[in-house]
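Asker: Provided below are the primary sequence and the corresponding predicted coordinates.
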Amino acid sequence: MAQQISYLALGDSYTIGEAVEQSASFPYQLAALLREKGFEIEEPKVIAKTGWTTDELKQAIKQERITETYGLVTLLIGVNNQYRGYSPEAYKQEFNELLKMAVGFAGGTKQNVYVVSIPDWGVTEFAKQSGRNLQTISEEIDVFNEINKQVTTANEVTYVDITIASRAAVNDNSLIANDGLHPSGKMYQHWAKELVVAITRPSR
């Protein structure tokens, strides 16, 4: 019997799929791939907006007043904290709060929650033209990802690392959308496939 799944995707521009069609965003590609695997999955409910930081996502979630629970929840947040120069310490606290919210939306079932690492925008054309030090961007992204990975592990939630894959865009323009900053549908497809592997892992 096929498994019925409701899906909540929490994040920022990387979750809504800025600069690509909605169907090419990673939540929608993930849902499509899971359907191919025999899962009955609803259209994703997405709470995300370009530019959001952890505190802005928290506020938006509270305004949604979510009462239902979901069979699948993904969380990807933090790039705008890094971009704006927010402190890693504040990020750690707010990310931990967001992850606990995500687990709550999954009805307390940690096995149904997946954290996606922050991609490295330092390899994009936008970054090259920004005047910022590209190595510093990558190093700061690593700092934020180390934090969210530690918090995720401490909360016994699955962590899906797509950062290394995102850096392949330095030599492959097809992995970046036409805006020169956000991932293309091709890149999002890779993320979705990584999530499918994690979700369908036999040990889970």
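Answerer: Structure's in. What do you need?
Asker: so the residue positioned nearest the centre of the chain bridges to which residues?
Answerer: Taking CA atoms, centre = their mean, the centroid of the chain lies closest to residue 76, which sits 2.6 Å from it. Note on residue 76: beta-bridge partners residue 11, judged by DSSP bridges.
Asker: Was I right to think it contacts residue 113?
Answerer: No. Counting by CB atoms under 8 Å, residue 76 stays clear of residue 113, with 11.9 Å between them. Glycine gets a C-beta too; all of them are placed from N, C-alpha and C.
Asker: I'd assumed residue 113 was in contact with residue 160.
Answerer: No. Using CB under 8 Å, residue 160 makes no contact with residue 113, being 10.9 Å away.
Asker: Distance check, residue 112 against residue 183.
Answerer: 24 Å (CB to CB, to the nearest Å).
Asker: er, residue 94 actually
Answerer: Residue 94 is 24 Å from residue 183, where distance means CB to CB.
Asker: neighbours around the closest residue to residue 17 other than its chain neighbours, how many?
Answerer: In this structure, residue 17 finds its nearest non-sequential neighbour in residue 25, 2.6 Å apart by CB to CB, 6 or more residues apart in numbering. Residues lying near residue 25 (other CB atoms under 10 Å) number 26.
Asker: ok, now which ones touch residue 25?
Answerer: For residue 25, the contacting residues are 15-17, 46, 188, by CB atoms under 8 Å, 6 or more residues apart in numbering.
Asker: swap the cut-off to 10 Å and go again
Answerer: Applying CB atoms under 10 Å, 6 or more residues apart in numbering, we find residue 25 in contact with 9, 13-18, 31, 44, 46, 48, 183, 185, 188, 191-192.
Asker: Of the residues you listed, which is the most crowded?
Answerer: Busiest of the contacts of residue 25 [other CB under 10 Å] is residue 183, holding 29 neighbours.
Asker: Touching, that one and residue 16? I think so.
Answerer: No. Between residue 183 and residue 16 there is no contact, the gap being 11.7 Å when judged by CB atoms under 10 Å.
Asker: Which residues are in contact with each of those two?
Answerer: Each of 25-26 lies in contact with both residue 183 and residue 16 under the rule CB under 10 Å, 6+ apart.
Asker: Going by neighbour count, which residues in stretch 110-129 are buried?
Answerer: The neighbour-count check on stretch 110-129 (16 or more other CB atoms under 10 Å) flags 112-124, 127 as buried.
Asker: For the longest helix along the chain, buried residues please.
Answerer: In the chain, with assignment by DSSP state H, the single longest helix is helix 134-154. Within helix 134-154, the residues scored as buried using 16+ other CB under 10 Å are 134, 137-138, 140-141, 144-145, 147-148, 151-152.
Asker: Show me what secondary structure element comes after that helix.
Answerer: Using DSSP states H and E, the helix or strand that directly follows helix 134-154 along the chain is strand 158-160.
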